[in-house]
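K.L.:
Quick check, what structure comes out for this input:
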Amino acid sequence: MRTLHIGLRVGEIEKSLEFYEAVGYEVIGEVPSTSHGGLTMLKLPGDEFVTIELVSDPEREVRHGDNLNHLVIQVESLEATRAELAERGIEAEEPQLPGGEDGPRTSWITDPDGNRIELVQWPTGHAPGMSADDFPS
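P.N.:
Below you'll find the predicted structure:
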């Protein structure tokens, strides 16, 4: 088994698409009408598969910032990513070192529905994802 993607309910699909495309996501497909609402499938250029499914239904209320704890996006360079986002009108928070000097560098952005997105730059030599090695016993 593996995680395929996350379904994220959004209030205004146009605003959400503008935001996620500015972050760097690409639309790869849409399902206009399901029992959940319209579905828009997104992926980042380096991903082979869909990682986010935006779910929109004008008949359903979306509570600002109460739909998800957070998404996490791996970046090669936190500073370069923050600069690119700023050029696109997206303000990223100041970098943090939650794991100390030898750990990952992180920053946060917020989408139009208040969902928090953590940007992570792994330290040199770190595996491409989080694993048991990140939690020594």
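
K.L.:
Residue 15 reaches residue 62, doesn't it?
P.N.:
No - under the criterion of CB atoms under 8 Å, residue 15 makes no contact with residue 62, lying 11.1 Å away. Backbone N, C-alpha and C define where each C-beta goes, glycine included.

K.L.:
who's more crowded, the two?
P.N.:
A direct count of neighbours by other CB atoms under 10 Å for residue 15 and residue 62 places residue 62 higher, at 21 against 13.

K.L.:
Nearest spatial neighbour of residue 59, chain-adjacent residues omitted?
P.N.:
Nearest non-adjacent residue to residue 59, counting by CB to CB, 6 or more residues apart in numbering: residue 37, 7.9 Å away.

K.L.:
any idea how far residue 93 is from the one you found?
P.N.:
For residue 37, the distance to residue 93 (CB to CB, to the nearest Å) stands at 30 Å.

K.L.:
So which other helices or strands are in contact with whichever strand or helix holds residue 80?
P.N.:
In this structure, residue 80 sits in helix 78-87 according to DSSP states H and E. With contacts taken as 3 or more CB pairs under 8 Å, 6 or more residues apart in numbering; DSSP states H and E, helix 78-87 sits against strand 105-110, strand 116-121.

K.L.:
Compare residue 37 and residue 93 and say which is more crowded by neighbours.
P.N.:
Taking neighbours as other CB under 10 Å, residue 37 and residue 93 compare with residue 37 leading, 19 against 14.

K.L.:
Please give me every residue in contact with residue 72.
P.N.:
Residue 72 sits next to 117, 118, 120 when contact means CB atoms under 8 Å, 6 or more residues apart in numbering.

K.L.:
ok, now how distant is it from residue 115?
P.N.:
Distance, residue 72 to residue 115, using CB to CB: 12 Å.

K.L.:
what's the answer for residue 129, then?
P.N.:
Per CB to CB, residue 129 is found 21 Å from residue 115.

K.L.:
Neighbour count for those two, which is higher?
P.N.:
Higher neighbour count among residue 129 and residue 115: residue 115, with 22 against 10, using other CB under 10 Å.

K.L.:
That one against residue 70, yeah?
P.N.:
Yes - contact status for residue 115 versus residue 70: in contact at 7.3 Å, counting by CB under 8 Å.

K.L.:
No more questions from me, cheers.
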